[in-house]
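Colleague: sequence and predicted structure are below.
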Amino acid sequence: MSRAVTGPRTGAGRVVDALGAAGVRHLFSLSGNQILSVYDATIGRGIEIVHTRHEAAAVHMADAWGRLTEEPGVALVTAGPGHLNALSALYGALMAESPVVFLSGHAPLSQLGRGAFQELDQVGAARPVTKAAWLAKDAARLDEDIATALEIARSGRPGPVHVSLPGDLLEARVLRGEPKASRAHMEDGAAPSPGPSTTAAAPLDDAAVRAALEMLAAARRPLILVGPAMGRAARWPSVERLARATGIAALTMESPRGLNDPWLHMASTRLGEADAVLLLGKRLDYSVRFGEPPGFAAGCRFAQVDADPAALARGDRVALSIAADPVRVADRMAAAAGALAWRHQEEWGAAIRRARRTEPADWARHRASPARPIHPLRVCAALQPLLDAGALLVCDGGEFGQWVQAGVEAGTRLINGLSGSIGSAIPMACAARMARPERAVIAVVGDGTFGFHALEVDTAARHGLPVVVVVGNDARWNAEHQLQIQHYGRERTIACELAPSRYDELVRSLGGHGELVEDPAGLEPALARAVAAGRPACINVLIDGLPAPTYRAAPGPAH
Ligand SMILES: Cc1ncc(C[n+]2csc(CCOP(=O)(O)OP(=O)(O)O)c2C)c(N)n1
Ligand SMILES: [Mg+2]
């Protein structure tokens, strides 16, 4: 049998060369016919393939890599069903504004329209969950496709970009200096130029920036709200500088629970008092209740800054819209703030910052509670010292996830985010450990959520990634159970029960460390052993399935 054509002189070689030249060292992937040429081309080229157990997990890993490094995480999957399996995770990356390059094998160009194996309009399927998506058309230009995809993913408002790679292009021999097809002859779906997302280079509209600053200066109770990318380490210092220069409190809005984000604590009860809001890289979307009453007062004015003009809200809620890089605008505003007369009282900004850290009065008792099943805040109390020592938190959704997001303070945390999707935490933790090998990485998931990507513990074991998975086991899809109680009544709850399964034993069977914790006193020692295990670990905690915390206008019981 003759060997397939692979190596540096093929289209696949061009793909790998372009990735390597851009500094990409990992491909998060699940194998398949159409991409084996790319696997082959990585041999000896310094690029590690992290071979996952589901395509969505590969994208979640690329997403975490993107969020932590601000360099695109690259996922590579096979055509048709492999491609489709990955799409839900791309939605997570899109909503988290994470730079991701999503590459899929694709039916050969030479067979298109004839019912090729796994032939599918992959570009059409990926378009709603990407910044840009196209089908590669020329083997000699595959390197340009990759470079363009990487550039679009990280520019402007970061996000995922897709390129479909036809199998025949990947396997085609490409000689150096081979003539390239002219882009002008390509049909719709060919590689776009980075285009309007590169507003970074455009001159700032000084008058508009000044008007936004004056709007804040004239307000009594101004606020700064920022989106997911602005809340990350690479951009947050600019937000902080502006907050310091103006005395205005700045908050990141990255929770699917929006103004009810439990991490906001008592601040969630005060945001509606604002009379002017600066949105930095933050859409006026569902998470801020579109800026409308009762979320915000009818008279509250909004100024919105976004690198992506399409993200700017239409309608009369926004007094000022600025299409520009929010980092540049924040820096410009911080520099100019001293020259203005500010009307707001420092006390308002301080009150919001204080409220953000103010917990209901009874939380201290819950953190120390000896009760069984274990209170979620007791788990938080056990996690906090590890986070204080530098562990990175990857927290999923569901009621347990909300408790932990609210109940701990983490130097670095990744959450499921505005997609409102559950299931990403275990694969994200794997990539987080790759991006930050010096730090302990703790994934927090509900028992239902654990099932989405539990087998990525196997990926972690094979790739030497000792992540710690803490499962809050209430034998229930509790978030939905709670909604049933709220909307239909306690006597009409249905179909949300799970078994109190031994997820710790599952992890042990995969070569990991696993412990069941039923007694709160066992939490700290079990977590310490898990962190020290040097292999993936699961602490399966039997918790009380409580509704996630909510806040009232005055500190009081959580529920
Ligand atoms: C992909 C996806 N599927 C379904 C949901 C709806 N959903 C949100 S939370 C939740 C329950 C999660 O259960 P578990 O992980 O056990 O956490 P718990 O709420 O019990 O603490 C479900 C089904 C979702 N948000 N995302
Ligand atoms: Mg549960």
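Modeller: Cool, the structure landed. Ligands and ions are numbered 1, 2, ... in the order given.

Colleague: my read is Arg314 is in a helix, agree?
Modeller: No - counting by DSSP: H, G, I helix; E, B strand; the rest coil, Arg314 is not part of a helix but coil.

Colleague: next, count neighbours for it.
Modeller: Arg314: 8 surrounding residues under other Cβ atoms under 10 Å. For glycine as for every other residue, the C-beta is placed from the backbone atoms N, C-alpha and C.

Colleague: quick check: closest non-adjacent residue to the residue in the chain that ligand 2 sits nearest to.
Modeller: Closest to ligand 2 within the chain is Gly446: 3.9 Å, counting by Cβ to the ion. Excluding its sequence neighbours, the residue lying closest to Gly446 (Cβ to Cβ, 6 or more residues apart in numbering) is Gly398, at 3.8 Å.

Colleague: show me what from this protein comes close to ligand 1.
Modeller: 397-400, 420-423, 446-449, 472, 474, 476-480 (Cβ under 6 Å from any ligand atom).

Colleague: now the residues you listed: which count as buried?
Modeller: 397-400, 420-423, 446-449, 472, 474, 476-480 (16 or more other Cβ atoms under 10 Å).

Colleague: find the closest residue to ligand 1 in the stretch 1-150 of the chain.
Modeller: Ser88 (6.3 Å; Cβ to the nearest ligand atom).

Colleague: hmm, back to that, distance of the residue of the chain closest to ligand 2 from Pro228?
Modeller: Using Cβ to Cβ, to the nearest Å, one obtains 22 Å as the distance from Gly446 to Pro228.

Colleague: could you do Arg301 as well?
Modeller: For Arg301 relative to Pro228 (Cβ to Cβ), the value is 24 Å.

Colleague: related to what we said a few turns ago, contacts only, for the closest residue to the residue of the stretch 1-150 of the chain closest to ligand 1 other than its chain neighbours.
Modeller: Leaving aside its sequence neighbours, Ser88 sits nearest to Ala56 (Cβ to Cβ, 6+ apart; 5.7 Å). Contacts for Ala56 (Cβ atoms under 8 Å, 6 or more residues apart in numbering) come out as 85-86, 88-89, 423, 427, 453.

Colleague: 6 Å - rerun?
Modeller: 85-86, 88-89 (Cβ atoms under 6 Å, 6 or more residues apart in numbering).

Colleague: look up phi and psi at it.
Modeller: phi -60, psi -40 (degrees, to the nearest 10).

Colleague: re the thing from before, isn't the residue nearest to Gly446 right next to Ala479, touching?
Modeller: Yes - counting by Cβ atoms under 6 Å, Gly398 does reach Ala479; the two are 4.7 Å apart.

Colleague: joint contacts of the two?
Modeller: Common neighbours of Gly398 and Ala479 (criterion: Cβ under 6 Å, 6+ apart): none identified.

Colleague: ok, which residues in this structure are in contact with ligand 2?
Modeller: For the chain, the contact set with ligand 2 under Cβ under 5 Å from the ion comprises 446-448, 474, 476, 478.

Colleague: follow-up on the earlier one: out of the contacts of Ala56, who's nearest Val101?
Modeller: Ala86 (12.2 Å; Cβ to Cβ).

Colleague: I figured that closest one hits Leu76, correct?
Modeller: No - taking Cβ under 6 Å as the definition, Ala86 is not a contact partner of Leu76, at 9.8 Å.
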